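>>> just coords:
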Ligand code: CAP
Ligand code: MG
C-alpha cells in the first residue's frame, strides 16, 4: 500500500482551492483491498509509480494525489489532485492524461470509472470555457424560447456537393434552423470540401432570400493535422457569413488539442463537439472509463459551445437516462444541483446540450421534458429525411412538433390541422425496425 497517497483526514481542506477533486468507482483486483489498489491509482495518476523511488524529493512528494474518502460499500474512492501538477496553460489534454490515462490499464484494478470531477474556482480561471454560446447563435437566428431545430445531412456520406446543398436547402426551406455535417464528412473525392462549402452557401443564400430567415451550418473541420484543420476553417470563414457557420470537431478521434486549438483560434465561432467514439468510455456497462457527465464537464472546461450529451434514453444510442439529463444540467447551469460534487462554474459561460441520435419529431417533447429546458440544439437525421413527404416536410413536422410542445398541445391534437406532423406520427408511430428491403443490396 502506498501510504504517501492516502490522507483520510484531509476533510474540508480538499475544497481549499488547491485541488481538482475526482470520484471513481473502483473494484480492486482479486485479493486486493480497495484502499491498497486506490493508493496505487493515486500514485500512478500523480507523482508515483509502482515502487517508492530514491529520487523523490519533499517538494515532489507535496504534489502527491491524496485519497481523502472511501466508500467500501459502494466501491467509491475520492482523490484530491494538487492542480499545480497540471500544465499551467489551461491544458485539458494534460489533466486527462493523469486522471483518465495509465490508470485504465493498471493490473491492480478490475474496474475503474471516473464518475465526477470538481474544479475549484481558482483553477477555472486558467481554462478557456466557452466564448461563442448558444445565446449568440440564437441572436443570429432570431430564435428564442425554443430549442434550435437541426438536422444531420443523410446519407451519412456519399452525396455530391450539389446533392448535399439540396438537402440543406430543403431542410431550411421547411423551417429548420441548423444543419450539420455528419461526423465522417471531410474532403472525400466525390464531395470535395470546397465544393461542399460552396453549395451550402448557395443553398443558404437561396433560402434566406426566399424566407428572410437566417440559417446556420456546422462544418466538420476535423482533419489529419492542425494545418489542414485551419485551412478548412479559413476556407469556411472566407465563403460563409459570420454567424452562419459553426465548427464541428470529432472531439474523441481528433482529440482535445484539436478542440482547444479551434477554441483559441476562433473564439467568435460556435464550437460543436461531436463525440463519436465516446461509448468506449461512457457506456454505463463499461467497467473502465469515464461517464457522460465527466466528458461533458471537460467539454465546457475546454470551451466548446455545444456538446452531444445523448437523448436520455429516447433516441437510438445506448446510455444512462440519468447521466444524459445530469450532463445537460451540469453544462447549462452556473451552479448545477449536486451530482457527486456541487460545481460552481463562476463566470464560465454555458455549453449547450446537443440532443441527437435516433430522434424524430414525435420524440422532441419527451427529450425537452426530460431535461426540463428549451435551451438545447437537437439534430435529427434519419428522423427527418425518412419522412414520407421527404426532407422539407420532415423539417415542417419537426417545427410543428416544437410549436405543439411550446404551446402545451399534444402532437396528436396539433396534427389535426398540421398534415406533415400527422404524417410523421403515422409513419414514426409504426416504424420499429428499418425495413429489411431497404438494405437489399443484391
Ligand atoms: C445522428 C447521428 C449522430 C449521433 C451521435 C448519427 O443521426 O448523426 O452522429 O447523434 O450520437 O450518425 O447517429 P440520426 P450522440 O439522427 O440519423 O440518428 O449524439 O449520442 O453522440
Ligand atoms: Mg452522425
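Right, received. Where do you want to start? Note that this is a predicted model, so its numbers are computed, not measured. Ligands and ions are numbered 1, 2, ... in the order given.
>>> ligand 2 contacts on the chain?
Selection of the chain residues close to ligand 2 by Cβ under 5 Å from the ion yields 182, 183. Every residue, glycine included, has its C-beta placed from N, CA and C.
>>> which segments of the chain make up each domain?
Residue ranges for each domain of the chain read 3-124, 134-429, as given by automatic domain parsing.
>>> pick the most buried one from these.
Neighbour counts (mean count of other Cβ atoms under 10 Å) averaged over each of those peak at domain 134-429, with a mean of 20.
>>> gap between it and the chain center?
10 Å (Cα atoms, centre = their mean, to the nearest Å).
>>> next: stretch 86-100.
Here stretch 86-100 is found 18 Å from its chain centre; the criterion is Cα atoms, centre = their mean.
>>> kindly check the end-to-end length of it for me.
End-to-end distance for stretch 86-100: 13 Å, by Cα to Cα, to the nearest Å.
>>> who's in contact with the closest residue to residue 102 other than its chain neighbours?
Nearest in space to residue 102, with sequence neighbours left out and distances taken as Cβ to Cβ, 6 or more residues apart in numbering, is residue 44 at 5.3 Å. Shown in contact with residue 44 (Cβ atoms under 8 Å, 6 or more residues apart in numbering): 50, 102, 103, 106.
>>> same question, residue 72
Counting by Cβ under 8 Å, 6+ apart, residue 72 touches residue 34.
>>> list the beta-bridge partners for the closest residue to ligand 1 within the stretch 201-350 of the chain.
Of all residues in the stretch 201-350 of the chain, the one sitting closest to ligand 1 is residue 308 (3.5 Å; Cβ to the nearest ligand atom). Beta bridges link residue 308 to residue 354, judged by DSSP bridges.
>>> show me where the stretch 301-442 of the chain dips below the pLDDT cut-off.
431-442 (pLDDT under 70).
>>> just the helices from it, written as ranges.
With helices called from DSSP state H, counting those that start in this stretch, the stretch 301-442 of the chain shows them at 321-332, 364-371, 382-385, 391-407, 411-414, 419-430.
>>> what does the chain have sitting close to ligand 1?
Within reach of ligand 1 by Cβ under 6 Å from any ligand atom, the chain has these residues: 152, 154, 156, 182-183, 275, 308, 310, 316-317, 356-359, 380-383.
>>> swap the cut-off to 5 Å and go again
In this structure, the chain approaches ligand 1 at residues 152, 275, 308, 310, 317, 356, 357, 358, 381, 382, judged by Cβ under 5 Å from any ligand atom.
>>> check contacts around the residue sitting nearest the centre point of the chain.
The C-alpha lying nearest the average C-alpha coordinate of the chain belongs to residue 307 (Cα atoms, centre = their mean; 2.7 Å). Residues near residue 307 by Cβ under 8 Å, 6+ apart: 251, 272-273, 275, 295-296, 299-300, 331, 351-354.
>>> relative to residue 295, how far out is it?
Using Cβ to Cβ, to the nearest Å, we find residue 307 at a distance of 8 Å from residue 295.
>>> go on, residue 188?
28 Å.
>>> same thing with residue 19?
Plainly put, residue 19 is 21 Å away from residue 295 if you go by Cβ to Cβ.
>>> could you do residue 373 as well?
According to Cβ to Cβ, residue 373 stands 19 Å off from residue 295.
>>> can you show me the strands along the stretch 251-400 of the chain?
With DSSP state E, counting those that start in this stretch applied, the stretch 251-400 of the chain shows strands at 270-274, 288-290, 306-308, 352-356, 377-379, listed in chain order.
>>> for residue 49, report the pLDDT, please.
We have a pLDDT of 84 for residue 49.
>>> check contacts around the closest residue to it other than its chain neighbours.
Distances taken as Cβ to Cβ, 6+ apart place residue 43 nearest to residue 49, at 6.7 Å, with adjacent residues excluded. Taking Cβ under 8 Å, 6+ apart, we find residue 43 in contact with 2, 4, 5, 49, 50, 64, 65.
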